[in-house]
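Novice: Fold the following for me, if possible:
(chains A, B and C)
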Amino acid sequence: MSKQYDAIIIGAGHNGLACAGYLARDNKKVLVLEANNFIGGMAATREFAPGFHASVAHTLPQGQSALISDLSLKKHGFELAAKNLDTTALDGEGNAITFNGKSVKGVDANDQKSYGEYQSLLKKFAKVLKPTWNKRAPRIGGGEIKDMITFAKFGWDVRTLGRDTMREFTRMIFLPAQDMMDEHFDNPLLKAGLSWDYNVGNILAPRSPNNAVLNQLLKLSGDVSGHGGLPLPKGGMGSFVNALANSAKTSGTEIRLNTRVKRVVIENHVAVGVELEDGEIIHAKRIISNADPKTSFLKLLGAANLEIQFTNRINRLRTEGLVAKVHLALNALPNFKGMTKPEGRMILAPSMQYIENAYDQSKYRSYAEDLPMEVVIPTLHDKTLAAEGKHVLSATIQYAPRDVEGGWDKHRDSFMKNVIATLEKFAPGIGDCIEASELLTPADLEQQFNVEGGHWHHGEFAIDSWWMNRPTYGASQSKTPVSGFYLCGAGSHPGGGIMGAAGANAARAIIAEDK
Amino acid sequence: MKKYDAIVIGAGHNGLTSAAYLAKSGLDVLVVEKNDYIGGAAVSREIHEGWLYSNCSYVCSLLRQSIHRDLNLTKHGLMIVPYSGTTNFTRDGNYLAEYGDHAQQYRELCRHSVRDANAMHRFEADLMRYAKLIRHFLMRTPADPTSFKPRDISELIFMGKKFWDMGEDQIYEFTRFLTMSAADFLSEYFENDLIKAFMATSSIIGTALGVYSPGTAYVLLHHVMGDVDGAVGSWGLARGGMGAISDAIAGALKEHGGEIRMNAEVQQILIKDNTTYGVALANGDEIHAPIVVSNLDPKRTFTKIVDKNDIPADLYKKAKNFKIRGSSGKVNIALNGRPDFPSLPEGHMLRNGSFQFLDSLERMEKAYDCWKHGRWSDDPFIEMTQSSVWDPTMAAPGNYFVSCFIQYCPADIEGGWTPEKREAFGETVVDQISQYSPNFRDLIVHKEVRTPFEIEQEVGLTEGNIFQGELTLDQLMFNRPFPGYSQYRGPAKGMYLCGSGSHPGGGVSAACGANSAREILMDLKRPNIVPEDDGDE
Amino acid sequence: MVHQAKLQSSENINHIELKLLKSPFHERTEALNLNRAWEDWSGYASALHYKCSNLEYFATRNTCAVFDVSPMCKYRFRGKDAEAMLNRMVTRDVAKQGLNRVCYNVWCTDRGRVIDDGTLFRFAEDDFMLCCAEPGLDWFLLSAVGFDVTIEDQSDSLASLALQGPTSCALLKAMGISGVENLKPFDIGRYPYAGGELMVSRTGFTGDLGYELWVEPDLALPLWDDLFSTGANYGIQPMGTESLDLARLEAGFISPMVEFHGALHTVDLGHDHSPFELGLGWLVNFKKAHFNGREALLLEKEKGSKYRLLKLDIEGNKPAENSILYSNKKCTKEIGYVTSAMWSPVVKANIALALVESRYADGDIYAEVYHQKELRWQRKVSQCTIKTKPFWAPERAKLTPPNDV
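Specialist: Residues are numbered from 1 along each chain as shown, chains lettered A, B, ... in the order given. The predicted model follows:
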């Protein structure tokens, strides 16, 4: 009853679709199975209120032009509504500082000068990491020349930064955002705004050492709009996803919705197919999972097919999501204090201490009253997301712990109240413009998008779970300890954010195997 | 004015060690010290008549055996005495203790979690693996990864080989470990919050971080990588207080012809044409030497006792950015009787040990939150060591000296450290202890409260940071104190650093001093007499 | 003040016992331990010998002897995934293990390195007990992730004795344990006893006819008394660890922390072992479902192991304790070392277990033996011969029904 596929991809997230696209281009027969009734996972554009659309992931800083071109995404409908949004840091008292990858407005001459040096430094660091994102993670001791070359090239790239910059790199890579900011700037609002990208999406706050800089460098991995660019896709992120799907379908990929995979079928220690919830078994030469590592290994594959220490390395992954998403349907444009009109991305946090305070609450399974957040009003650039005159406000809120004391059902209302109250402080009157709203707590993200913990990256993005250690050694090169089973999602190298690199890496690993 | 071959600024234990090795090599060495006593933070002082206080550092683990042997410290009066037993009391009236005996420790852990009691063996093995790896590097100068010099390449190869010898899996695990938080690391072994908290105490010592902060797993390792006579991870007391260590090293220095001058605060290191030629004291005197070794912390060295124009601009900036925030307090208490801990049976061996009063990681993290907000912890972590129980020299029979180490306490609080605030901080500590020892307060004869402010004022440790610089990866190994300056040399010819602000970092190890001497001897093209490996083999 | 502690007085706290613990049989073993010779076994007082190890050892080969194995760790695995979980953890096929059967097993890390060995008892489809020398709950719980199984530490809930020797079956029959003679090696039987139950497994560490007896702790002393009163006619003796160690060595059995260092607490790379290196390759079943270490062990089987555990018969009669082994009489090339050694009274041979680098295991082997003659140390180089069979493996150990003497 089942025809033989070259690959089955579990999950039609953007990485799964990118993987399908690359495999299909290599003439492989691919079947993508999606449990939900829509593709794209957290990158889908959904109608959260009648006539209002939003995506959980709302901008594309990690967009990869090579992938866009390889899979002919433009031809398949991918378009930008705005090439490069500026970011404005707001303190709610009327002060605003606007910046992008090149320049900053609203700070004194010292900080202006430092800004140029700072971005130039980040640009150099981003360049060193650039080759790593789209290449398989190396393995120590595997003996493979390819891996030794990866290490050597990385070392060489660092070395050719020049002695002083190299020294700064090996030191700065471990700095907390706060120290990075304090070393370069004086203005507290600028520091708060810039620090946002260092910490968002992980269990990090301005004072957290070791993992912040890497997180920022991941955000700088995109090249669609130059260094530090912040592109906004037209039609929400869903259009990016649709383009990926169309590209894959053009090459012969099948996508099935409303199809939940129960488990991976193993015969003779090899993955040979999947069993669906309804009992149907479909065979394929390879099974690729776009699901997070815990789901992939513990639910779909099962511990019985894995080694014990490996199982526990997966089980110990930090998967508690800490970010909430709020979508507001507005009947008018809000007025943010300090801006004549809202534009680009706005970060609501007067100081790094403000952000740290919110983080401190989350340590004890609670949340702050004053919530730091990142706000985008995509309808400013994209009329397709709401009717004329109406607007969508998309806010990424920190810090909302997945395991809040008592559970999210108990706290939804009070959390939302804090969100609106915070917004009201920064944009008085906004409360009166709200026609409808949607709150997605990490619990909601988990439940609605089938991601363990509701974590963006499918698992903490930190140095201890990066590269050779992502999701863990033994499964860091898209392959897994089980023959025929692969990972292609954010939980594998290079990580999360809307990028497609994980999917592309998996496809490349498979294509290389067949050569 | 006599000219010396080398001047060491600061008679802290590392400065004395560096000077002793240089003197042993045949150089004419002078150590200048601003205080009227030597030892810096490794010092014993009679703050109250009849009692000897280890008023800063109070226990010893990291002091390198090879240095002890080389400098004949036993002959100069040093004996490190093991002590054992730590009891952690919990608010519900129970306790969790640490026993030296494996079977006893298992039973004690089982009282709280059988699962965790079983996991301890694996935990200890994993930590021991990391400790054994790190120990190879304590007595070695870090490689400069940006350099192609043979010594750096060969040091990198040495490092690589030691890593390689752990096996592939352990390389991944160790590189993970280096950036993790203590809480996350401990959660990979243990489920019980009390046990985790107990194991996490070493992870916050002297740091500006909390147990949930990435990087604290390394600090934990830093505190178990020492040893007493080969027992890796154990701690001991110096007989005569920590000053015995400094005094013994000073004895070795004098035996080799070195001099120490007290009440001689250095105002400036004299540099001309990028070459050091001596020091100028605060009283106006100048002493000349072609080599000047600073035992002061790197921030103080490069921002206070060096003319800004004598060093590169970016070095000054690095020194200003160097993180050295004090977070520890010390309350040293003289008692005229033994404190009673009624939760422990009379005569029980644990009554001789140290005491702590924790029951969860959350309490420890909240203590850190207070510090972040510029206050001392209202519910601090206290480690109370009964030094005089093990060391009869500290107090007369029937009298007791207890050393209380506290996290967290800020260097600066709103309105400054007034005597009232200091007293209030001290009271917070006594309050907590009294909850578990009802007779404690009545036994107090004298109390010395030291915040980072006092530590800075007296000892000269900037912002009262006990490690001369925080132990975070951006300031460790080849990054310590700053990238490009991790091989003990200052920017000017003849200028060196030898304190804990250099590799391998803080703790009373004498390794920093020894390593700096090795570099100095190398520059002078004299034969090396400083050991490079303690050898666990 | 941030909190108020609830200070308890020390009588209200269950402090640990500081002294060596007493097993359920301690009252009896203490009375018989004439030399007060104890050692620490898992925190329990375990007799080294009672008076004379030689007599105790011969009891186990000639009549019967009783060894208190209560300090062994015992874990109960129950639940619908108990079999699957255990089968994934150990190297033998648990699915093929019948009810009321015991199987000697070993379990390994992901890299195929031995963590511990033990005996797995199957009581029902979904009910097992694992008996091993070191606390293993940590690894078992890690192994249980993803399985529906409950694991209980029952180490203190069962008292047990090893009754070993040619008259052991006869003694049990005389005690009224009827039907015990029908137990085949590695069978489990349950018998009503003293108002409770006596579980008997035909297992042991001496390589001879023998049984292990399991009861709840409150039946321990009655069981001991019953054994020793009836056993007076059957030559019963208590035996300590010294004589047990001699017996197990003759049988060719390995001992943890003697022949191997458990992988989970091995600090230096390579200081642990694979089952192949310990001569336990016969326990590794590649045909069964996936088990931990399978890939690594397959690879090792293909490429060969670094070490091999050998049974050696050594020239002379000076036991080669702690001897280094060489490939030549001049002792210039080290190839391994002796892990356990003894002079075997029943076989009249100088025997040892030794770990030797595989590449030298087929050539000449010499042991550098040090021994004292009236305190003076002597050095002797003795040639070693490899034995493939256990030194002591009598037919009577396997007979069902067993002989009475």
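
Novice: Can you pull the residues of chain C lying near chain B?
Specialist: With CB under 8 Å from any CB of the partner chain as the criterion, chain C meets chain B at residues C:1-10, C:12-18, C:20-21, C:40, C:42-43, C:111, C:135-139, C:141, C:153, C:264-270. Heads up, the C-betas are built off the backbone N, CA and C, glycines and all.

Novice: So which of the residues you listed sit within strands?
Specialist: C:40, C:153 (DSSP state E).

Novice: Show the buried residues in the residues of chain C next to chain B.
Specialist: C:5, C:7-8, C:15-16, C:20-21, C:42-43, C:111, C:135-139, C:141, C:153, C:264-267 (16 or more other CB atoms under 10 Å in any protein chain shown).

Novice: Tell me where chain C has helices.
Specialist: Remark: helices assigned in chain C by DSSP state H are C:26-32, C:53-62, C:82-89, C:137-144, C:168-174, C:220-231, C:241-251, C:294-303.

Novice: Can you give the contact residues for the third one?
Specialist: Right, the one you point to is helix C:82-89. Residues from elsewhere that reach helix C:82-89 (CB atoms under 8 Å, 6 or more residues apart in numbering or on different chains): A:303-304, A:308, C:77, C:79, C:93-95, C:107, C:120, C:125-128, C:130, C:140, C:143-144, C:147, C:149, C:288-292.

Novice: contacts with chain A among the buried ones among the residues of chain C next to chain B, please.
Specialist: Within these, those near chain A by CB under 8 Å from any CB are residue C:139.

Novice: Domain-wise, how is chain C divided?
Specialist: Recorded structural domains for chain C (assignment: automatic domain parsing) are C:6-72+C:156-250, C:73-153, C:306-387.

Novice: Go ahead and build a ChimeraX selection from the buried members of the contacts of helix C:82-89.
Specialist: Burial among the contacts of helix C:82-89 is assessed by 16+ other CB under 10 Å; the matching ChimeraX selection reads:
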select /A:303,304,308 /C:77,79,94,107,120,126,128,130,140,143,144,147,149,288,289,290,291,292
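
Novice: Show me the contacts of helix C:82-89 that map onto strands.
Specialist: Counted as lying in strands by DSSP E, out of those, are C:77, C:107, C:120, C:127-128, C:130.

Novice: does chain B sit close to the helix or strand bottoming out on mean pLDDT in chain A?
Specialist: When each helix and strand of chain A is scored by mean pLDDT, DSSP states H and E, helix A:145-159 comes last, with a mean of 84. Yes - under the criterion of CB under 8 Å from any CB, chain B is reached by helix A:145-159 at residue A:159.

Novice: List the contacts of residue A:175.
Specialist: By CB under 8 Å, 6+ apart, the contact set of residue A:175 is A:183, A:209, A:212-213, B:474.

Novice: The helix or strand hosting residue A:97 - what's its average pLDDT?
Specialist: Assigned by DSSP states H and E, residue A:97 belongs to strand A:96-99. Averaged across strand A:96-99, pLDDT comes to 98.

Novice: Give the other helices and strands that that strand contacts.
Specialist: Judged by 3 or more CB pairs under 8 Å, 6 or more residues apart in numbering or on different chains; DSSP states H and E, strand A:96-99 is in contact with strand A:87-90, strand A:104-105, helix A:188-199.

Novice: okay if I get the ones you listed as JSON lines plus distance to residue A:421, mean neighbour count and mean pLDDT?
Specialist: Output for the helices and strands packed on strand A:96-99, formatted as JSON lines (distance: least, CB to CB, whole Å; neighbours: other CB atoms under 10 Å in any protein chain shown; pLDDT from 0 to 100):
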{"stretch": "strand A:87-90", "distance to residue A:421": "16", "mean neighbour count": "26", "mean pLDDT": "98"}
{"stretch": "strand A:104-105", "distance to residue A:421": "29", "mean neighbour count": "18", "mean pLDDT": "96"}
{"stretch": "helix A:188-199", "distance to residue A:421": "19", "mean neighbour count": "25", "mean pLDDT": "98"}
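
Novice: For the ones you listed, give me JSON lines that also has distance to chain B.
Specialist: As requested, these are exported to JSON lines (distance: least, CB to the nearest CB, whole Å):
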{"stretch": "strand A:87-90", "distance to chain B": "22"}
{"stretch": "strand A:104-105", "distance to chain B": "21"}
{"stretch": "helix A:188-199", "distance to chain B": "12"}
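
Novice: what would those look like in JSON lines with distance to residue C:193?
Specialist: Formatted as JSON lines, those follow (distance: least, CB to CB, whole Å):
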{"stretch": "strand A:87-90", "distance to residue C:193": "80"}
{"stretch": "strand A:104-105", "distance to residue C:193": "86"}
{"stretch": "helix A:188-199", "distance to residue C:193": "67"}
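
Novice: nearest to residue C:327, of those?
Specialist: helix A:188-199 (61.0 Å; CB to CB).

Novice: Which other helices and strands does the closest one contact?
Specialist: strand A:87-90, strand A:96-99, helix A:177-184, helix A:212-219, strand A:345-348, helix A:352-363.

Novice: Of all these, which one is nearest residue B:522?
Specialist: Comparing these by their distance to residue B:522 (CB to CB), the top pick is helix A:177-184, with 32.5 Å.

Novice: which residues are contacting that closest one?
Specialist: A:114-115, A:117-118, A:172, A:175, A:190-191, A:194-195, A:198-199, A:204, A:206-208, A:212-213, A:216, A:352, A:356, B:321, B:323, B:474.

Novice: which one of the ones in strands among the contacts of helix C:82-89 is nearest residue B:138?
Specialist: residue C:107 (36.9 Å).

Novice: Roughly how far does the closest one sit from residue C:211?
Specialist: Distance of residue C:107 to residue C:211, computed by CB to CB, to the nearest Å: 25 Å.

Novice: Next: residue B:197.
Specialist: Residue B:197 sits 47 Å away from residue C:211, going by CB to CB.

Novice: Residue B:111 too?
Specialist: Taking CB to CB as the measure, residue B:111 falls 35 Å from residue C:211.

Novice: Would you mind telling me which of the two has more residues around it?
Specialist: Legend: neighbour count by other CB atoms under 10 Å in any protein chain shown for residue B:111 and residue C:211, higher for residue C:211 (25 against 16).

Novice: Bridged to that one, which residues?
Specialist: Per DSSP bridges, the residues bridged to residue C:211 are residue C:163.

Novice: what's it in contact with, if anything?
Specialist: Residues in contact with residue C:211 (CB under 8 Å, 6+ apart) are C:162-164, C:168-169, C:172, C:180, C:183, C:200-204.

Novice: what's the closest of these to chain A?
Specialist: residue C:203 (26.3 Å; CB to the nearest CB).

Novice: what residues are up against the closest one?
Specialist: Going by CB under 8 Å, 6+ apart, residue C:203 touches C:102, C:119, C:185-186, C:210-212.
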